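Trainee: Turn this into a structure:
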Amino acid sequence: MDRFPEKLRVLRERNDMTMRKLADELDLSHAYIYKLETGQRKPNAELLVKLSRLFGVSVDVLVKDELEVGE
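Mentor: Purely as a prediction, here's the structure:
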């Protein structure tokens, strides 16, 4: 799950979302999103499911380093 921060940033940017917009969508703080994207925090299972639904990717794609986020 070392690549989660990178994948989150890529998915957020592909969907034209700022960190603040993503935070609002998930009912989280902007600072928490920043910490996720910089690897300072790890997401819990509930957040992984929310992100997978929001971005239309499987949880596997988010957590398995060998899988890419796709185009």
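Trainee: for the record, mean pLDDT for stretch 63-71?
Mentor: The average pLDDT for stretch 63-71 rounds to 86.
Trainee: can you give me how far it is from the chain middle?
Mentor: Remark: stretch 63-71 is offset 12 Å from the chain centroid, using Cα atoms, centre = their mean, to the nearest Å.
Trainee: Which positions in that stretch come out as buried?
Mentor: Neighbour counts over stretch 63-71 (16 or more other Cβ atoms under 10 Å) mark Val63 as buried. Heads up, the C-betas are built off the backbone N, CA and C, glycines and all.
Trainee: For the most centrally placed residue in the chain, give me its contacts.
Mentor: Closest residue to the average C-alpha location of the chain: Leu8 at 3.2 Å, with Cα atoms, centre = their mean. When the contact criterion is Cβ atoms under 8 Å, 6 or more residues apart in numbering, the partners of Leu8 are Leu36, Glu37, Leu51, Leu62.
Trainee: of those residues, closest to Arg3?
Mentor: Leu62 (9.1 Å; Cβ to Cβ).
Trainee: Pop out the phi and psi values for Gln40.
Mentor: Summarising the backbone geometry of Gln40 under the convention degrees, to the nearest 10, its torsions are phi -80, psi -20.
Trainee: residue contacts, it?
Mentor: Tyr34.
Trainee: returning to what we had before: got the phi/psi numbers for the residue nearest to the centre of the chain?
Mentor: phi -60, psi -50.
Trainee: Quick check: the two most widely separated of the contacts of Leu8?
Mentor: Pairwise distances across these peak at 12.8 Å for Glu37 and Leu62 (criterion: Cβ to Cβ).
Trainee: between these two, which one's more packed in?
Mentor: Neighbours were counted for Glu37 and for Leu62 using other Cβ atoms under 10 Å; Leu62 has more, 22 against 18.
Trainee: Can you say which helix or strand has that one in it?
Mentor: Assigning secondary structure by DSSP states H and E places Leu62 in helix 59-63.
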